[in-house]
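Colleague: This is a predicted model, with the sequence first.
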Amino acid sequence: CQENNLAFIDVMTPLLDEFSGFLEEPALGVPGGAVNMSSRKVSKMVNRDFFGMVDAVKFGQQHIAGLNSQDWGRADLILVGPSRTGKGPVAHYLAQRGVKCASINVSPKEPLPAELELVDPSKFAVLIVNEDRLIELRRARLQEAERRNMPMLLEPDYASVDRVREDLEFTYRLLESFPAWDEPIDITFVSVEETTSILFRRVLAARKRMQTQ
């Protein structure tokens, strides 16, 4: 730049100097070069809550839709309900608060895992939606899949009135079979954020009970 009489602004050197001071490590001068930092130095950048959130997000991804139910004992919460009752978004929001959340879709056409009877009943939370709204949600999912030319993995009657009614009735029968579970949360007119807050308070209360025992 000097040879060609061009003006330039050095934005990287001051930035790297600041990072070097913050991390207590000199810049290697290698683009993308890894820096080995002790756990003490890492903890200066991120706290325990951050690592808890990362673990919760990973746990939720590995335990969606009934996957790895053998690990449910490690969950803070297990969301139960028919397909398209908001379990995925709620689990994601809860993970942002460090809550390890598993989920399972229930239907008379799907077998239930044995862990339903083995895990602490206070960990289960049932989400439901009224029949008309659930039909709308399932039809919207089918339309979105068609619009994106996605392979159809859902049953032909997935959004039919009879199928939705069967799934909801099955969920209520499941609740009767597990009287120790909390009352279901009807999210028909409740936002994901509100549902998350309700469940997060439930998790906090459970943790407090554990600490006092």
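Modeller: Cool, the structure landed.

Colleague: which parts of the host helix or strand of residue 52 are buried?
Modeller: Per DSSP states H and E, residue 52 falls inside helix 48-62. By 16 or more other C-beta atoms under 10 Å, the buried positions in helix 48-62 come out as 53, 56-57, 59-60. Using the backbone N, CA and C atoms, a C-beta is placed for each residue, glycine as well.

Colleague: just how off-centre is the helix or strand that that helix is followed by within its chain?
Modeller: Scanning forward in sequence from helix 48-62, with DSSP H and E defining helices and strands, the next element found is strand 77-81. Distance, stretch centre to chain centre, for strand 77-81: 11 Å (C-alpha atoms, centre = their mean, to the nearest Å).

Colleague: got the CA coordinates for strand 77-81 in PDB?
Modeller: Provided in PDB are the C-alpha atoms of strand 77-81 (Å, rounded to 0.1, in the frame of the first residue of the first chain):
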ATOM      1  CA  LEU A  77     -38.400 -34.000  31.400                       C
ATOM      2  CA  ILE A  78     -40.100 -36.300  29.000                       C
ATOM      3  CA  LEU A  79     -42.700 -34.800  26.700                       C
ATOM      4  CA  VAL A  80     -45.600 -37.100  25.700                       C
ATOM      5  CA  GLY A  81     -48.300 -36.500  23.100                       C
END
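
Colleague: List the strands paired with it, with their directions.
Modeller: When pairing is defined by DSSP bridges, strand 77-81 lines up against strand 101-105 (parallel), strand 124-128 (parallel).

Colleague: In a markdown table: these, plus mean neighbour count, mean pLDDT and distance to residue 95.
Modeller: Shown next, in a markdown table, are these (neighbours: other C-beta atoms under 10 Å; pLDDT from 0 to 100; distance: least, C-beta to C-beta, whole Å):
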| stretch | mean neighbour count | mean pLDDT | distance to residue 95 |
| --- | --- | --- | --- |
| strand 101-105 | 24 | 97 | 6 |
| strand 124-128 | 23 | 98 | 14 |
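
Colleague: and those as JSON lines, adding distance to residue 77?
Modeller: Converted to JSON lines, the strands paired with strand 77-81 look like this (distance: least, C-beta to C-beta, whole Å):
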{"stretch": "strand 101-105", "distance to residue 77": "5"}
{"stretch": "strand 124-128", "distance to residue 77": "6"}
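
Colleague: quick one: which of those strands is nearest residue 189?
Modeller: strand 124-128 (12.0 Å; C-beta to C-beta).

Colleague: Quick one: residues in contact with that closest one.
Modeller: With C-beta atoms under 8 Å, 6 or more residues apart in numbering as the test, strand 124-128 has contacts from 77-82, 85-87, 90, 116, 168, 171, 174-175, 178, 181-182, 184-188, 195, 199, 202.

Colleague: Determine the longest helix present in the chain.
Modeller: If you go by DSSP state H, the chain has its longest helix at helix 192-212.

Colleague: list the buried ones in the strand or helix carrying residue 92?
Modeller: Using DSSP H and E, residue 92 sits in helix 87-95. Using 16+ other C-beta under 10 Å as the test for burial, helix 87-95 gives 87-88, 90-95.

Colleague: which residue is nearest the middle of the chain?
Modeller: Computing the C-alpha centroid of the chain and ranking residues by C-alpha atoms, centre = their mean puts residue 92 first, at 2.6 Å.
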